[in-house]
Structure formats: structure tokens, C-alpha cells
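Peer 1: Below is the structure, and that's it, no one-letter string:
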């Protein structure tokens with residue numbers, strides 16, 4: 001789903017870099033990878049140098065979280081528990097169906113993705129995903145929260161997963177990640 005790793009570029013990388021306190025040039029290189037591994041180690045996360053939902057949550061970057069079919073980890077498990085599901089930490093078709101039902105019940109776009117807007121309405125994520133983060137995540141397709149055009153990632157290809165919701169940063173840049 002939504003992962004940042006070495007070789008990726010763009011607005012989500014700038015957001016991550018700013019949080020890590022490294023030069024926010026939007027290019028995920030060796031310096032960003034090292035800073036990320038250091039953060040992950042210091043916070044008890046798998047120090048793999050790949051920023052995904054669990055790392056974003058630990059960093060307070062709720063605007064970068066997008067959970068969908070195929071996503072795994074503590075954030076998925078927390079979502080499943082909040083939705084009253086068997087919590088195995090693997091976002092599958094059952095989790096998607098529960099997310100769609102939750103979204104329909106709460107007046108959200110029922111797309112089956114648990115992004116900032118959905119997570120902000122779930123009590124278990126209260127304070128973890130804020131209204132400000134939801135607003136930041138809903139940049140118009142093809143732009144950043146500040147309104148500038150998104151760069152393209154060299155050699156990026158869309159994965160075989162489902163398309164990300166259009167009302168998020170990930171709706172535009174999802175194809176950069178696998």
C-alpha cells in the first residue's frame with residue numbers, strides 16, 4: 001500500500017524528511033534511509049529503512065497512512081480490533097468489507113481504504129490522526145497539500161493492487177510504491 005523507501009521521490013518523502021530532521025529535498029536517498037532506520041530502532045520498530053503505516057503512526061504522520069488490502073502490521077491490527085474483527089494484522093477482504101460498512105455508516109466515501117479521513121472517525125485512532133492531517137491528506141489529485149504539482153518517480157509503475165482513493169496524496173502517488 002503506502003510505503004516510502006530508497007529511490008522514491010515526491011511530497012510524501014519531503015514530509016517524512018522534515019519529520020526526521022534531514023534535508024527535505026523530496027529524494028529518498030541514503031541519508032533519509034539512515035535517519036529512518038535510526039528512528040525505527042529508537043522506537044522499537046523493524047529497522048528496515050522502509051516507512052509504512054506503523055512507522056507513519058509512530059512519527060505522528062497520520063496524513064501518510066493508507067491501509068488497504070495487502071497492508072500488514074500494528075495499525076491494521078488496531079483497525080481490526082476497533083471494527084470488532086478477528087485481529088491478525090493483515091488487511092484482507094473481510095477487513096475491507098468492514099471498512100466499507102463503517103464508511104457507509106459514517107458518511108464517508110465507501111472505497112474500502114482506511115486513510116486519514118476514515119481513521120479519524122474511529123475512536124481507537126483519536127488523537128493519532130487529526131483533522132489537520134485529514135486536510136493535508138486531501139490535496140487535489142496531481143498536487144501537494146501546498147498546491148504545487150507532484151513530481152514523477154523515475155521508473156515508477158503501478159502495482160497490481162486496487163487504485164487508491166482519489167481524494168488523498170496516495171491517490172496520485174500510489175503507483176510509486178509496492
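Peer 2: That came in fine, so what should we check first? Computed from a prediction, not measured in an experiment: that's the story for all the values here. Numbers count the residues shown, from 1 in each chain.

Peer 1: In the chain, mark out all the helices, start to finish.
Peer 2: Using DSSP state H, the helices of the chain run over 11-20, 30-42, 53-59, 74-82, 93-105, 116-119, 131-137, 169-173.

Peer 1: Give me whichever of these is most buried.
Peer 2: helix 116-119 (a mean of 26; mean count of other CB atoms under 10 Å). Any C-beta I mention is one placed from the backbone N, CA and C, and that applies to glycine too.

Peer 1: Pull the residues that contact it.
Peer 2: Helix 116-119 has contacts (CB atoms under 8 Å, 6 or more residues apart in numbering) with 62-63, 65, 67, 79, 99, 102-103, 106, 108-109, 125, 128-129, 133-134, 136-138, 167-168.

Peer 1: picking that back up, want to try TSV for the helices of the chain, with distance to residue 2 and mean pLDDT as columns?
Peer 2: Putting the helices of the chain into TSV (distance: least, CB to CB, whole Å; pLDDT from 0 to 100) gives the following:
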stretch	distance to residue 2	mean pLDDT
helix 11-20	8	94
helix 30-42	15	97
helix 53-59	7	95
helix 74-82	11	97
helix 93-105	15	97
helix 116-119	11	94
helix 131-137	10	82
helix 169-173	5	48
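
Peer 1: closest to residue 5 out of the ones you listed?
Peer 2: Residue 5 lies closest to helix 30-42 among the helices of the chain, at 7.8 Å (CB to CB).

Peer 1: now for the closest one, which elements pack on it?
Peer 2: The helices and strands touching helix 30-42, judged by 3 or more CB pairs under 8 Å, 6 or more residues apart in numbering; DSSP states H and E, are helix 11-20, helix 53-59.

Peer 1: hmm, who's touching that helix?
Peer 2: Outside helix 30-42, the residues that reach it (CB under 8 Å, 6+ apart) are 5-6, 13, 16-17, 20-23, 45-51, 55, 58-59.

Peer 1: okay, the angle between it and helix 11-20?
Peer 2: With axes from the mean of the first three to the mean of the last three CA atoms, to 10 degrees defining the directions, helix 30-42 sits at 60 degrees from helix 11-20.

Peer 1: tell me the centre residue of this structure?
Peer 2: residue 65 (2.3 Å; CA atoms, centre = their mean).
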